[in-house]
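Enquirer: need a structure here:
(2 chains)
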Amino acid sequence: MVSATTVWAGGEGRVEKIYYTTREPRISLTNLKGQILVRAWDKAQVHIVYTLGSPRMEVDTEVLPDTGAAEKIHFITHLLDPTVAGDDQTADYTLDVPAGASLEIRNPQGKARVVGMQADAAIDSVGGNIVVSDYTGHLSVRSVGGDIEITHPSGQVDAYTITGNLRFVSPSTTRLRGSTTSGNILFEGDFMDRGDYFLSAYSGNVDVVCPASASYELSAITKRGKVINTLPIKTRRQSASPADSNSLLGTHNTGKATVELKTYSGTIRIRPQY
Amino acid sequence: MEERRFEKAAACLRFESELEAFLEGESRPFITAHAQDCPFCHVLRSDLEQIRQAAQDLPQEEPSPVVWANLHARLEAEGAFRPHVSGWRGMLAWRFLPHPVPVGVLAGLVIMASVLTVPPRNPQHWDVLNPAGSSTAKVTASVTPVGEDGALEQLVGELESNFRANDASLAPDLKATYEKSLVSLDDSIRECRDSLRQEPGNTLAHDYLLTAYTRKAEILSSALEFEGR
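Expert: Below is the predicted model:
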């Protein structure tokens, strides 16, 4: 195993490196604070550029195996001096990685943006926003307080936040689950045939904007809010909904997808996309 | 050693992500294949299926104590489930986690909550749990694990105590984010519990309560990883 450490170098703390990899390496990046951008490219290489906010930080890099194309690379930011605080903990990263790479990204404070990847990814933050676009693998995305926006995903999506908002734009995935406690959820796009969609907020609202041609079976339930639907729906019996709740169960068009929307005290809106 | 952990974490992560769908009846060949390779996941799957079966074979009010005891014993075996903490936490836990016990509690809680939330998906199933004329208190005890035994509440309380004991070491902005999320979760827990007291058959409140406890445990566990660093 190669274990390389790259320290703060140069007056501005900027470091650039290239690692030769397989087409499907596993890349992990653990940061403390800062911006992360990961982009797919068609090369079997990882190109990383990072800028450290302080000479009292370093980035450990572990590459496996120790010879030949790397199958796994771990990047870890850590402090050399535990008294470093605030913006001095910042490290900003930009990575170009093979589109087939699987990712594990942890960026507690700061935005993480991932574009165009094809394999599985787990992206976590505490207070930072997470933006993912054009992703075809299985996405597991979590931010405690940040917003999550996922555009054009086509693999399975699992996303949750506690106080942040969720936004899904033009998904072509057949399995999508999103939940937030006090944030809002916005889903804009169509539902795939045989797709399974679950969106849940506690006190926030759930908004779905989909084309009139969408085909889905709907279960929309709120205990203390309202369900406002402006798309034609063939309702069915509501015995499956809890007593005293406001609910709408039925089928729009031929009901090919399954859509479950829940909020305890928020409002659910389903409206057509123009 | 690290490589083995990484691969194990990745496979086990996928196992975790597909397990619920598998238990709900979807075809997931990976679950079967991985359970044959991974002793822990094999045991986990077996236990979950046992518990789920026990929950379905009502009128038994709770899964057999033996099942719970076995599950707890395994989960509390040091390190046994550490790679199963989701995502990067699992992969990097051996490097960063100064609090393995809370993470173990979390794993137990997550499994418990997921098991408890699987059967009630179909509200009609609750009719079995709550036959007409049965006492509401009995229903609350059987479907809401915050009743007399307070198992979920106790587990989360343990994590929160650990968190409070060390939260001064958190960076201010991290702490603020965690505090805000805990306030949000506590509000939802309080509201759901109040609702369940007034309306024990409120399945929506029950679902949200379990979700809130699970989320709270995950958040606290996540925060504990940063404390002291």
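
Enquirer: phi, psi of residue A:146?
Expert: Residue A:146 adopts backbone torsions of phi -90, psi 170, taken as degrees, to the nearest 10.

Enquirer: so who does it touch?
Expert: Contacts for residue A:146 (CB atoms under 8 Å, 6 or more residues apart in numbering or on different chains) come out as A:111, A:125, A:126, A:127, A:128, A:129, A:130, A:161, A:164. C-beta coordinates here come from the backbone N, C-alpha and C atoms, glycine included.

Enquirer: can you redo these as TSV with distance to residue A:170 and pLDDT?
Expert: Below are these laid out as TSV (distance: CB to CB, whole Å; pLDDT from 0 to 100):
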residue	distance to residue A:170	pLDDT
A:111	21	96
A:125	23	96
A:126	28	96
A:127	27	95
A:128	23	96
A:129	19	97
A:130	17	98
A:161	20	97
A:164	20	97
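
Enquirer: and chain B, which of these reach it?
Expert: Taking CB under 8 Å from any CB of the partner chain as the test, chain B is in contact with A:126, A:127 out of the contacts of residue A:146.

Enquirer: now, the contacts of residue A:146 that are in strands?
Expert: Those of the contacts of residue A:146 mapping onto strands are A:125, A:130, A:161, per DSSP state E.

Enquirer: how many residues are close by the last one?
Expert: Same thing as residue A:161. 27 (other CB atoms under 10 Å in any protein chain shown).

Enquirer: longest strand in chain A, please.
Expert: strand A:14-30.

Enquirer: flag every buried residue along it.
Expert: A:15, A:19, A:21, A:25, A:26, A:27, A:28, A:29, A:30 (16 or more other CB atoms under 10 Å in any protein chain shown).

Enquirer: following that strand, which helix or strand shows up next?
Expert: Downstream of strand A:14-30, the next assigned helix or strand under DSSP states H and E is strand A:36-41.

Enquirer: can you pull the pLDDT of the closest residue to residue A:232 other than its chain neighbours?
Expert: Leaving aside its sequence neighbours, residue A:232 sits nearest to residue A:252 (CB to CB, 6 or more residues apart in numbering or on different chains; 6.8 Å). Model confidence at residue A:252, given as pLDDT, is 95.

Enquirer: would you confirm that residue A:252 contacts residue A:231?
Expert: Yes. Residue A:252 is in contact with residue A:231 according to CB atoms under 8 Å; the separation is 5.6 Å.

Enquirer: what ranges do the helices span in chain B?
Expert: Here chain B has its helices, by DSSP state H, at B:2-23, B:29-37, B:39-56, B:65-76, B:87-96, B:100-117, B:123-129, B:136-143, B:151-166, B:172-198, B:203-226.

Enquirer: from residue B:39, how far out is residue A:61?
Expert: Counting by CB to CB, to the nearest Å, the gap from residue A:61 to residue B:39 is 33 Å.

Enquirer: mind checking which of those two has more residues around it?
Expert: Remark: of residue A:61 and residue B:39, residue A:61 carries more neighbours, 19 against 10, as counted by other CB under 10 Å.

Enquirer: where do the domain boundaries of chain A fall?
Expert: Split into domains by automatic domain parsing, chain A comes to A:1-119, A:148-274.

Enquirer: pLDDT weak spots in chain A?
Expert: Scanning chain A for pLDDT under 70 picks out A:1-12, A:237-245.

Enquirer: circling back to that earlier point, which one of the ones in strands among the contacts of residue A:146 is nearest residue A:173?
Expert: Nearest to residue A:173 among those, counting by CB to CB, is residue A:130 at 16.5 Å.

Enquirer: and residue A:176, how far is that from residue A:95?
Expert: Residue A:176 sits 26 Å away from residue A:95 when distances are taken as CB to CB.
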